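Asks: what's the 3D shape of this:
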Amino acid sequence: MIDWILAERLAGYVAGTGDARRPSTDLAALAAESERRVTAYTGLTPAGSLPEPEGISRRDWVSSNISSMRALLDPVLERAGSGLGPLRPAAKIAFGLVLTTEVGVVIGYLAQRVLGQYELVLLDESALARPPRLLFVLPNLGEAVRTFGADEREFMTWVTLHEVTHAVQFSGVPWLQGHLAGLVRELLQGAEVRLDSSRKLHWPSRAEVNRVAEALRHGDFIGLVTTANERSVLDRVQAVMAVIEGHAEHVMDAVAPDLLPSLPRLRESLNRRRRSQSTLSRIAARLLGLDLKLRQYEQGKIFCDAIVQDAGTDALHYVFSSPEALPTLTELRDPPAWLARTLAAREAI
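Replies: Numbering: from 1, shown residues only. Below is the predicted model:
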């Protein structure tokens, strides 16, 4: 249903190229030092060598992520379209035009903003064909250094530590990728069901209109496209991602105070940049889930900081001991509740 060639061209047009000077810092050296510090603090041992860091352009990032989305979505859309019966050809054209435009604009918008990415293909059938990559978008990094007035090496160290922590998490926790992949499959299966004709081709009821209005009023775009069961799965995905992102933020602060003397100023600069976005950019961020991403960073870091402060680093290590040890969304906001729930298991280790 998606014209991926057109989507990539549109994304490239939206992304642009960026005009800032590309950083010249040695990414390989930063990644090696980051891995040494992260593994020492977290107690996580990568199963193999981490991917080599790659400095790429916005267009390169677009191409890589379009390819990943294609591997993820094509099977879902093809199976879902088979349930449309005689309406399938017309529906595929209509859905395809909308989806192609949406994918192109979203990926292009994100390509203007992303600094680094540990790119991981979640679904097992694609993992062998597409090994993980450690990507750094050089024009965006150069623009951020210029905008923040930051020391280049310090800023690049900051970003590298964060992305290398993600690489260590997924390589050092054997069950993490499979657990997250299972949740993603549940969401995709729900999406297939909702693309049939009985759900798409009807006049909306008053209750549906009210639900849409309420979701938009609270900026809950995700609530518009998920059922109650899917929202439950999505809550679990959000909890996992908040732990992953918050853990990376916590580790970054813990392992490199000597490397990042300007960290408080860098954080303030980043927050000021987010607050100073145009109205259109803020709306786009909410619709694309970027506000959710920011809350994941913040809430996850608060949780990890609190666990270490109250119970030490060993308690934080236990978070990655099994899927059952992960906090729920409720526990993320109430770290003592997670500590109480897991006390007996942690003491038994």
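Asks: for the record, mean pLDDT for the strand or helix carrying residue 247?
Replies: Under the criterion of DSSP states H and E, residue 247 resides in helix 228-255. Confidence for helix 228-255, expressed as mean pLDDT, is 85.
Asks: Ok, stretch 19-35 next?
Replies: 94.
Asks: quick revisit: packing partners of the helix holding residue 247?
Replies: helix 27-42, helix 152-172, helix 176-194, helix 290-311, helix 329-332 (3 or more Cβ pairs under 8 Å, 6 or more residues apart in numbering; DSSP states H and E). Every C-beta, even on glycine, is put in place using the N, C-alpha and C of the backbone.
Asks: again, only this time at 10 Å
Replies: Helices and strands touching helix 228-255, by 3 or more Cβ pairs under 10 Å, 6 or more residues apart in numbering; DSSP states H and E, are helix 27-42, helix 152-172, helix 176-194, helix 263-275, helix 290-311, helix 313-318, helix 329-332.
Asks: what's residue 136 in contact with, if anything?
Replies: Residues near residue 136 by Cβ atoms under 10 Å, 6 or more residues apart in numbering: 23, 25, 27, 30-31, 53-56, 61, 114-117, 156, 159-160, 163.
Asks: how does it look with 6 Å?
Replies: 55, 116 (Cβ atoms under 6 Å, 6 or more residues apart in numbering).
Asks: and it, what are its phi and psi?
Replies: With angles defined as degrees, to the nearest 10, residue 136 sits at phi -130, psi 120.
Asks: Residues in a beta bridge with it, which ones?
Replies: Residue 136 forms beta bridges with residue 55, residue 116, as assigned by DSSP bridges.
Asks: what's the spacing between it and residue 57?
Replies: 11 Å (Cβ to Cβ, to the nearest Å).
Asks: Please apply the same query to residue 72.
Replies: Applying Cβ to Cβ to residue 72 and residue 57 gives a distance of 23 Å.
Asks: Check residue 307 too.
Replies: Using Cβ to Cβ, residue 307 is found at 39 Å from residue 57.
Asks: Compare the two and say which is more crowded by neighbours.
Replies: Ranked by neighbour count (other Cβ atoms under 10 Å), residue 307 and residue 57 place residue 307 first, with 25 against 18.
Asks: Next, the contact list for the more buried one, please.
Replies: So residue 307 contacts 315-316, 335 (Cβ under 6 Å, 6+ apart).
Asks: Any chance of the residues you listed in a markdown table with distance to residue 100, pLDDT and neighbour count as columns?
Replies: Formatted as a markdown table, the entries for the contacts of residue 307 read as follows, by distance: Cβ to Cβ, whole Å; pLDDT from 0 to 100; neighbours: other Cβ atoms under 10 Å:
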| residue | distance to residue 100 | pLDDT | neighbour count |
| --- | --- | --- | --- |
| 315 | 47 | 94 | 19 |
| 316 | 43 | 94 | 23 |
| 335 | 43 | 95 | 21 |
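Asks: and the nearest residue to residue 244 once chain neighbours are set aside, how many neighbours?
Replies: Distances taken as Cβ to Cβ, 6 or more residues apart in numbering put residue 169 closest to residue 244, at 6.1 Å, once the chain neighbours are dropped. Counted by other Cβ under 10 Å, the residues lying close to residue 169 total 23.
Asks: Then residue 102?
Replies: If you count neighbours by other Cβ under 10 Å, residue 102 ends up with 13.
Asks: Equivalent analysis for residue 65, please.
Replies: Residue 65: 21 neighbours (other Cβ under 10 Å).
Asks: ok now do it, which residues does it touch?
Replies: residue 107.
Asks: 564 is where my numbering starts, stick with that
Replies: Got it, first residue is 564 now, which makes that one residue 628.
Asks: What are the buried residues along stretch 882-892?
Replies: 882-883, 888-890 (16 or more other Cβ atoms under 10 Å).
Asks: Residues in contact with stretch 814-830: which ones?
Replies: By Cβ under 6 Å, 6+ apart, the surrounding residues in contact with stretch 814-830 are 600-601, 604, 717, 720-721, 724-725, 728.
Asks: now swap in stretch 879-895 and tell me
Replies: 606, 736, 742, 798, 802, 805, 862, 866-867, 870-871, 900-901, 909.
Asks: Highest neighbour count among the residues you listed?
Replies: Busiest of the contacts of stretch 879-895 [other Cβ under 10 Å] is residue 867, holding 28 neighbours.
Asks: so how far is residue 809 from that residue?
Replies: On the measure of Cβ to Cβ, residue 867 and residue 809 end up 5 Å apart.
Asks: cool, residue 693 as well?
Replies: 27 Å.
Asks: Ok, residue 800 next?
Replies: In terms of Cβ to Cβ, residue 800 sits 15 Å off from residue 809.
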